[in-house]
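Asker: compute the structure for the input listed below.
(chains A and B)
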Amino acid sequence: DAGVTQSPTHLIKTRGQQVTLRCSPKSGHDTVSWYQQALGQGPQFIFQYYEEEERQRGNFPDRFSGHQFPNYSSELNVNALLLGDSALYLCASSWTTGDTEAFFGQGTRLTVV
Amino acid sequence: AQSVAQPEDQVNVAEGNPLTVKCTYSVSGNPYLFWYVQYPNRGLQFLLKYITGDNLVKGSYGFEAEFNKSQTSFHLKKPSALVSDSALYFCAVREVDSNYQLIWGAGTKLIIKP
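Answerer: I've put the predicted structure just below:
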């Protein structure tokens, strides 16, 4: 089992550009969540996808959008990048029941210059 | 509003000594509580969780945590620290039946000195 895999591992973008990050969940998991982790801080919830729909969203602007595919993999899209979007973006997968733990990928380090 | 507090930015412990990393939380209803560990340039690894039942939960790598409802705390403990335990530790909470997102503390850097 490969666990949760994210791509790419590192990315450098220019302000105003758009970026797409990808995530493949752990085998058998049907729910994918995305988190933003700024340096020296805890993760911040962006949104969660289940059954190809956004089930819950954190306090992030509409520039952040996502998608879940029928095979449960997911994408995170960020438009009009700002310097403040520089962070580690973490994907987590789980079963949909609330008492199960989430498994995290290694993250994508996004740097906006 | 839900919140998690990890009052110590850093905890220093000598190898072989017991360690405690503190966590307190605030939720409206009942909580699910989690501890994760993060090594440099890595994602988060699950250590243990409290869902219901016994207040003392045991997890990976010899770690355990005690849920205290009256003090709204979920402190992480280990009887004998190893140098390899040095890492960043995060406490997280999810409110039962009303929320899907994990709310995270700011993290505590644990340094184990030989």
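Asker: what parts of chain A come near chain B?
Answerer: By the criterion of C-beta under 8 Å from any C-beta of the partner chain, the positions of chain A lying close to chain B are A:4, A:33, A:35, A:40-45, A:48, A:55-56, A:58, A:90, A:92, A:98-99, A:101-107, A:109. Where you see a C-beta, it was placed from the backbone N, CA and C, and this is true even at glycine.
Asker: and with 10 Å instead?
Answerer: Within chain A, the positions lying close to chain B (C-beta under 10 Å from any C-beta of the partner chain) are A:3-4, A:6, A:9-10, A:31, A:33, A:35, A:37, A:40-48, A:50, A:55-58, A:88, A:90-92, A:94, A:96, A:98-107, A:109.
Asker: okay, now residue 64: neighbour count?
Answerer: Picking chain A for this. By the measure other C-beta atoms under 10 Å in any protein chain shown, the count of residues near residue A:64 is 18.
Asker: wrong one, chain B
Answerer: As a measure of burial, residue B:64 has 16 neighbours, counting by other C-beta under 10 Å.
Asker: quick one: contacts for whatever residue of chain B ends up closest to chain A?
Answerer: Nearest residue of chain B to chain A, counting by C-beta to the nearest C-beta: residue B:104, 3.5 Å away. Residues near residue B:104 by C-beta atoms under 10 Å, 6 or more residues apart in numbering or on different chains: A:35, A:37, A:41-45, B:3-4, B:6, B:34, B:36, B:44, B:90-93.
Asker: mind giving me the ChimeraX select for those, buried ones only?
Answerer: What follows is the ChimeraX syntax for the buried subset of the contacts of residue B:104, where burial is set by 16 or more other C-beta atoms under 10 Å in any protein chain shown:
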select /A:35,37,42,43,44,45 /B:4,6,34,36,44,90,91,92,93
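Asker: inside strands: which ones of the contacts of residue B:104?
Answerer: A:35, A:37, A:44-45, B:3-4, B:34, B:36, B:44, B:90-93 (DSSP state E).
Asker: could you find the closest non-adjacent residue to residue 75?
Answerer: Reading this off chain A. residue A:67 (4.8 Å; C-beta to C-beta, 6 or more residues apart in numbering or on different chains).
Asker: sorry, I should have been clearer: chain B.
Answerer: Closest to residue B:75 by C-beta to C-beta, 6+ apart is residue B:22, at 5.1 Å.
Asker: burial count for that neighbour?
Answerer: For residue B:22, the neighbour count with other C-beta under 10 Å is 17.
Asker: so it touches residue B:76, yeah?
Answerer: Yes: when contacts are counted by C-beta atoms under 10 Å, residue B:22 is listed as touching residue B:76 (8.0 Å).
Asker: of the ones in strands among the contacts of residue B:104, closest to residue B:69?
Answerer: Residue B:69 lies nearest to residue B:93 out of the ones in strands among the contacts of residue B:104, by C-beta to C-beta, at 12.7 Å.
Asker: which stretches of chain A have low pLDDT?
Answerer: A:1, A:98 (pLDDT under 70).
Asker: ok, the residue in it that chain B sits nearest to - contacts?
Answerer: Of all residues in chain A, residue A:42 sits closest to chain B, at 3.5 Å by C-beta to the nearest C-beta. Counting by C-beta under 10 Å, 6+ apart, residue A:42 touches A:35, B:4, B:6, B:36, B:38, B:44, B:88, B:90-92, B:102-107.
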